[in-house]
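Trainee: Fold the following for me, if possible:
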Amino acid sequence: MQVELTAERPFTIWRLFNRFRKKISLTFFLVILESILDLLFPLFIGFAINSLLEQNFEGVIALGGLGLAALIVGSGRRFYDTRTYAKIYTTISGEMVLREHQKETPVSATAARATLLTELVEFLENSVPALITSMIGLVGILIIIFSLSQPVFWAALGLFGLMALIYLATGKKNFQLNKSYNDQLEQQWSILSEKQMGPINSHFKKMMDWNIKLSDLETLNFGLIWLGIIGLLLYAPIVVIDSGITNYGLVFSVLMYVFQYIESVVSLPLFVQQIIRLQEISSRLR
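Mentor: As a prediction, the model looks like this:
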């Protein structure tokens, strides 16, 4: 059996993507297509509202067609994704275990690293598609909002800037907390094998202490971002109404896009946290 990822070629997100480029690229293409279709829904709902107010069903038919296209693409993407990433994990997990055996790594550390390796694959399968969807949503929504209401656009851009500043300020601390958590995790099997309740209880207490510190940092970041979100939620409808827009479908579309934008902004911190954690994990899988 040939191990393609040697000690000089660690398991990282980029190397996994590069090795399985064709399969993963197809999944990303389907995600992008699905995200673009999803991005159009508020606009098409606005068209449908205006169409019904004018006593015709053209907008409703267009909305139904968009929904059907999103259903076909989304279902096909999920069907393909599951099988693709199952094959990838089966391949690289066996290689990792063999490599660790050749390096005479303790079984406890090998088992812990197998668990960590699962996170890399799950990130590619679940988190990267969601991240692509969020980024397309952010950029696409900002472009659409700019064309509909420039004051709301600048307020939305300010919210993104606030989030970026918060995570730039706390990124190093986040990495160190993840490192401490994973240091403790790698000791788990050896501690459990001793069958001494004192060390076992101490181990799990330390695990939870690091987990609480990570959660507290994320809660602080979350609270600061939500202050900005509240400001945008209050500002957007006031500005849209005061601007004199009387097209009901257009007003509805703007507000829906603001809500979608907020949903994307709220989800981004989860990806930031995962990326920081996976950077620390990759440093161990060498």
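Trainee: tell me which residues in the helix or strand where residue 141 lies are buried?
Mentor: In this structure, residue 141 sits in helix 128-148 according to DSSP states H and E. By 16 or more other C-beta atoms under 10 Å, the buried positions in helix 128-148 come out as 128-134, 136-138, 140-142, 144-145, 148. The way it works is simple: take the backbone N, C-alpha and C, and place the C-beta from them, glycine included.
Trainee: Name the next helix or strand following that helix along the chain.
Mentor: Following helix 128-148 in sequence order, the next helix or strand is helix 150-186 (DSSP H and E).
Trainee: and that next one, how far out from the chain's middle?
Mentor: 13 Å (C-alpha atoms, centre = their mean, to the nearest Å).
Trainee: angle of the helix holding residue 141 against helix 150-186?
Mentor: 170 degrees (axes from the mean of the first three to the mean of the last three C-alpha atoms, to 10 degrees).
Trainee: Helix 128-148 packs against which elements?
Mentor: On a contact count with 3 or more C-beta pairs under 8 Å, 6 or more residues apart in numbering; DSSP states H and E, helix 128-148 meets helix 21-39, helix 150-186, helix 248-284.
Trainee: The second one to helix 248-284, inter-axis angle?
Mentor: Read that as helix 150-186. Using the same axes, to 10 degrees, helix 150-186 lies at 30 degrees relative to helix 248-284.
Trainee: that older thread, of the helices and strands packed on helix 128-148, flag the one that's most buried.
Mentor: helix 248-284 (a mean of 19; mean count of other C-beta atoms under 10 Å).
Trainee: for that helix, packing partners?
Mentor: So helix 248-284, by 3+ C-beta pairs under 8 Å, 6+ apart, packs with helix 41-53, helix 107-122, helix 128-148, helix 150-186, helix 197-242.
Trainee: ok, now which ones touch the nearest residue to residue 134 once chain neighbours are set aside?
Mentor: The shortest distance from residue 134 to any non-neighbouring residue, by C-beta to C-beta, 6 or more residues apart in numbering, is to residue 264 (4.5 Å). With contact set as C-beta atoms under 8 Å, 6 or more residues apart in numbering, residue 264 has these partners: 134-135, 137-138, 141.
Trainee: swap in residue 34?
Mentor: Residues counted as contacts of residue 34 (C-beta under 8 Å, 6+ apart) are 70, 73-74, 77, 133.
Trainee: Just want the angle from the helix holding residue 141 to helix 21-39.
Mentor: Angle, helix 128-148 to helix 21-39, by the same axes, to 10 degrees: 40 degrees.
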